[in-house]
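Asker: prediction below, plus the sequence it came from.
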Amino acid sequence: MDPLKGRFKEIATERFKEVRKIIKEDGDKVIGEVKLSQIYGGMRGIKSMVWETSNLDPVDGIRFRGYTIPELQKVLPTGKGKEPLPEGLFWLMLTGELPNATHVDWLTNEWHNRGGLPPQTKKVLNAMPDTTHPMTLFSMGITSMSDDSVFVKRYAEGMRKSDYWDAYYEDSMTLIARLPYLAAFIYRKLFRKNHQIDPDKRLDWASNYAHMLGFESSDFQDLMRLYLTIHADHEGGNASAHTVHLVGSTLSNPYLALASGMNALAGPLHGRANQEVIEWIFNMVGYLGTDTPTKDQVKSFVEKTIEKGRVIPGYGHAVLRQPDPRFTAQRIFAENHIQDDNIVDIVWKLFEVVPDVLKGLGKVKNPWPNVDAHSGAILVHYGMKEYAYYTVLFGVSRALGVLAAGVWSRAMGMPLERPKSLTTDWIKENILS
Ligand code: HAX
C-alpha cells in the first residue's frame with residue numbers, strides 16, 4: 001500500500017470508530033435551529049454536513065486542517081519555489097498531518113506516473129468547436145474519463161462498503177494527476193492552435209501545469225503553486241463542494257461527481273466570478289477611456305453597475321464577513337512580484353472604493369473582496385489574457401479539496417444525502433397557522 005494511502009487508512013480507521021460512537025451515544029443532541037428565512041434563503045448557515053478537510057470562519061477565513069493561508073505558507077514544503085506545493089496541502093487535507101519533503105516528492109512522482117489523457121478524452125475535446133466555453137470542455141473532459149473508474153469496476157465486482165474509500169482514493173489520485181493535462185490541453189486547443197506541450201516530469205504538479213500551458217517563468221510557477229493551494233477547499237457548503245459531496249453520496253464515481261461540481265463552479269455567482277471581474281474591469285477601462293482612473297471615476301463606474309441591477313463581481317460572500325484571506329494572499333504576491341501595473345492598481349483602487357459603496361446599499365452582508373477580486377489582474381500581468389479560461393484554473397485546484405473530502409466521506413460510510421424539502425402550502429398549514 002502506498003505511504004499516503006497507508007497513513008490515511010490508519011487515521012480513518014480510528015476516526016470511523018470514533019464517529020460511530022458519537023452517532024450511537026450522542027446522535028440525538030441538537031446542533032441548532034432552522035428559521036424559515038434560511039430555507040427560503042439558500043440554506044445559509046444551516047449546519048448540515050461533516051467536512052473534515054477544511055473549515056470556514058466568517059472572520060478569519062479558511063482554515064485547512066486548522067491552518068490559515070499565511071500559516072500554510074510557512075509550514076508546507078515549497079520545493080524549488082517560494083510558495084507551498086499543492087501536493088503538501090493534499091497530504092494535509094487527507095491525513096490531517098503536515099507532510100515532509102519526502103512525502104511531497106513521492107506525491108509529485110506518483111501524480112507524474114498517473115498523469116496523461118486517455119485517447120477518448122482528446123477525441124471528445126477535439127470534436128468540439130473552439131467557441132465552446134473552457135468550463136464546458138473541462139466538465140466534458142472529466143466526464144469522458146469516467147469509464148476508467150476503479151470505483152465502478154470494483155463496485156460491479158461486489159466490493160464491500162468498507163472498501164469504498166480505497167477505490168475512491170485510487171480514482172481521486174488518477175483524476176488529480178490527469179487534471180493539469182486536461183486543463184492544459186483545453187487551453188492550448190482553444191488559444192494556441194492546438195499546439196500541445198509535452199509534460200516535464202522534473203517539475204512539481206503546479207509548475208508542470210504552468211509549463212504545459214506554455215508559461216515558463218519561475219514567478220508564474222510560484223503563482224500557480226499559490227493559486228492551486230489557496231483555491232483548493234472552502235469547507236463543504238459552497239456550491240461546487242456540496243455538489244461533489246451530494247453526487248458522490250449516490251456512489252456515482254469520482255469522475256462524475258467532480259464533473260458535476262465543476263458545472264456548479266462554472267456559475268457567475270461562484271467560480272466564474274474570476275472571469276466576470278476582469279471582464280468588468282476592462283469594460284470600466286473602455287468606458288472611462290483610461291487604465292489609470294481616479295478613485296472618483298472608479299466609484300462612479302461601480303455605482304453605475306449597481307444602478308443597472310448588477311452585482312459587483314469579486315465582492316461579497318455567503319459566509320465571510322471580512323476581506324477574504326485568499327484575496328490578501330494574492331495581493332501580497334502582487335506587491336512582491338509586480339511593479340507598475342495599471343490593471344493591478346485598479347484592483348487595489350476598487351478595494352478602497354467598493355466596500356463603502358456596498359455598505360451604503362444597506363443590504364449587502366459582506367462588502368469585502370472575495371478570492372476572485374484579484375486573480376484575473378495577476379494572470380493578465382503574466383500574459384494569460386484569455387479570461388474565459390480562468391475558472392478552469394480554479395477547478396483544477398478545487399479538485400484537491402473535494403476529492404480528499406470524498407475519500408473521507410466513503411471512509412466514514414456516509415449515506416445517500418437526502419434532506420427534506422417543503423411546499424409553501426405545507427409551511428402555511430403547519431408552521432404559520
Ligand atoms: N454587489 C452588489 N450587490 C450584492 C453583492 C455585490 N457584490 N453581494 C451581495 N449583494 C446583494 C445581493 O444580490 C442581495 O440583494 P437582493 O436582496 O436584492 O437579492 C443582497 O446584497 C444580500 O446578499 P448577501 O446576503 O450579502 O449575499 P448572498 O449570500 O446572497 O450572496 C454572493 C453571496 C457571493 C452570491 C454575492 O455576494 C454576489 O453575488 N457577489 C458577486 C459575485 C461573486 O463575486 N461571486 C463569487 C463569490 C466567491 C466564490 O464563490 N468564488 O468562487
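Answerer: Alright, I've got the coordinates. Fair warning: this is a prediction, and the values are worked out from it, not measured in the lab.
Asker: what's the neighbour count on residue 335?
Answerer: Here the number of neighbours of residue 335 (other CB atoms under 10 Å) works out to 11. For glycine as for every other residue, the C-beta is placed from the backbone atoms N, C-alpha and C.
Asker: which helix or strand contains it?
Answerer: helix 325-337 (DSSP states H and E).
Asker: beyond that helix, next helix or strand please.
Answerer: By DSSP H and E, the next helix or strand past helix 325-337 is helix 342-361.
Asker: in that next one, what's buried?
Answerer: Residues 343-347, 349-351, 353-355, 357-358 are the ones in helix 342-361 that count as buried (16 or more other CB atoms under 10 Å).
Asker: would TSV of these with distance to the ligand be doable?
Answerer: Below are those laid out as TSV (distance: CB to the nearest ligand atom, whole Å):
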residue	distance to the ligand
343	18
344	18
345	20
346	16
347	13
349	16
350	11
351	13
353	13
354	8
355	10
357	9
358	6
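Asker: and the residue of the stretch 251-400 of the chain at minimum distance from the ligand, what is it in contact with?
Answerer: Nearest to the ligand, among the residues of the stretch 251-400 of the chain, is residue 316, at 2.1 Å (CB to the nearest ligand atom). Residues near residue 316 by CB atoms under 8 Å, 6 or more residues apart in numbering: 358, 364-368, 370.
Asker: 10 Å instead?
Answerer: 269, 273, 354, 358, 364-370, 373 (CB atoms under 10 Å, 6 or more residues apart in numbering).
Asker: could you do residue 360 as well?
Answerer: Here residue 360 is in contact with 303, 306, 367 (criterion: CB under 10 Å, 6+ apart).
Asker: ok, residues contacting the host helix or strand of residue 102?
Answerer: In this assignment (DSSP H and E), residue 102 forms part of helix 101-114. If you take CB under 10 Å, 6+ apart as the criterion, helix 101-114 is touched by 2-4, 7, 76-79, 84-92, 95, 97, 99, 170, 173-180, 199-208.
Asker: so what's the gap between the host helix or strand of residue 22 and the chain middle?
Answerer: For residue 22, the element it lies in under DSSP H and E is helix 3-26. The chain centre lies 26 Å from the centre of helix 3-26; the measure is CA atoms, centre = their mean, to the nearest Å.
Asker: next SSE after it?
Answerer: helix 36-40.
Asker: C-terminal to that following helix, what's the next element?
Answerer: Of the helices and strands lying after helix 36-40 in sequence (DSSP H and E), the nearest is strand 54-57.
Asker: average model confidence for that following strand?
Answerer: For strand 54-57, the mean per-residue pLDDT is 97.
Asker: now that strand: buried residues?
Answerer: Neighbour counts over strand 54-57 (16+ other CB under 10 Å) mark 54-56 as buried.
Asker: which strands or helices does it pack on?
Answerer: Under the contact criterion of 3 or more CB pairs under 10 Å, 6 or more residues apart in numbering; DSSP states H and E, strand 54-57 touches strand 61-64, helix 86-95, helix 390-411.
Asker: could you dump those into TSV with mean pLDDT, mean neighbour count and distance to the ligand added?
Answerer: Below are the helices and strands packed on strand 54-57 laid out as TSV (pLDDT from 0 to 100; neighbours: other CB atoms under 10 Å; distance: least, CB to the nearest ligand atom, whole Å):
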stretch	mean pLDDT	mean neighbour count	distance to the ligand
strand 61-64	97	23	12
helix 86-95	98	26	17
helix 390-411	98	27	7
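Asker: which secondary structure elements does whichever strand or helix holds residue 224 contact?
Answerer: Using DSSP H and E, residue 224 sits within helix 218-230. Judged by 3+ CB pairs under 10 Å, 6+ apart, helix 218-230 is in contact with strand 61-64, helix 69-75, helix 86-95, helix 164-191, helix 205-213, helix 325-337, helix 372-381, helix 390-411.
Asker: wait, residue 176 touches residue 255, no?
Answerer: No. With contact defined as CB atoms under 10 Å, residue 176 does not reach residue 255; the gap is 11.5 Å.
Asker: so how far is residue 79 from the residue of the chain most remote from its centre?
Answerer: When distances are taken from the C-alpha mean of the chain, residue 433 lies farthest, 43.2 Å away, according to CA atoms, centre = their mean. Counting by CB to CB, to the nearest Å, the separation of residue 433 from residue 79 is 63 Å.
Asker: do the same with residue 23
Answerer: In terms of CB to CB, residue 23 sits 41 Å off from residue 79.
Asker: comparing the two, which residue is more hemmed in?
Answerer: residue 79 (23 against 10).
Asker: and that one, what element?
Answerer: Counting by DSSP H and E, residue 79 is part of no helix or strand.
Asker: repeat for residue 299
Answerer: Secondary structure assigned from DSSP H and E places residue 299 in helix 295-307.
Asker: residues of this structure that sit close to the ligand?
Answerer: Applying CB under 6 Å from any ligand atom, we find that the chain lies next to the ligand at 238, 269-271, 273, 306, 311-318, 358, 363-366, 370-372.
Asker: just the buried ones from those?
Answerer: 238, 270-271, 273, 306, 311-318, 358, 364, 366, 370-372.
Asker: just the ones in strands from these, please.
Answerer: In strands, judged by DSSP state E, none of these are found.
Asker: which ones are touching residue 122?
Answerer: By CB under 10 Å, 6+ apart, the neighbours of residue 122 are 141, 144, 181-182, 185, 189, 194, 196.
Asker: ok, it to the ligand distance?
Answerer: 29 Å (CB to the nearest ligand atom, to the nearest Å).
Asker: three-state assignment of that residue?
Answerer: Recorded secondary structure, residue 122: helix (DSSP: H, G, I helix; E, B strand; the rest coil).
Asker: model confidence for it, exactly?
Answerer: Checking the pLDDT column for residue 122, the value is 98.
Asker: same question, residue 1
Answerer: pLDDT at residue 1 comes out at 88.
Asker: quick one: it from the ligand, how far?
Answerer: 35 Å.
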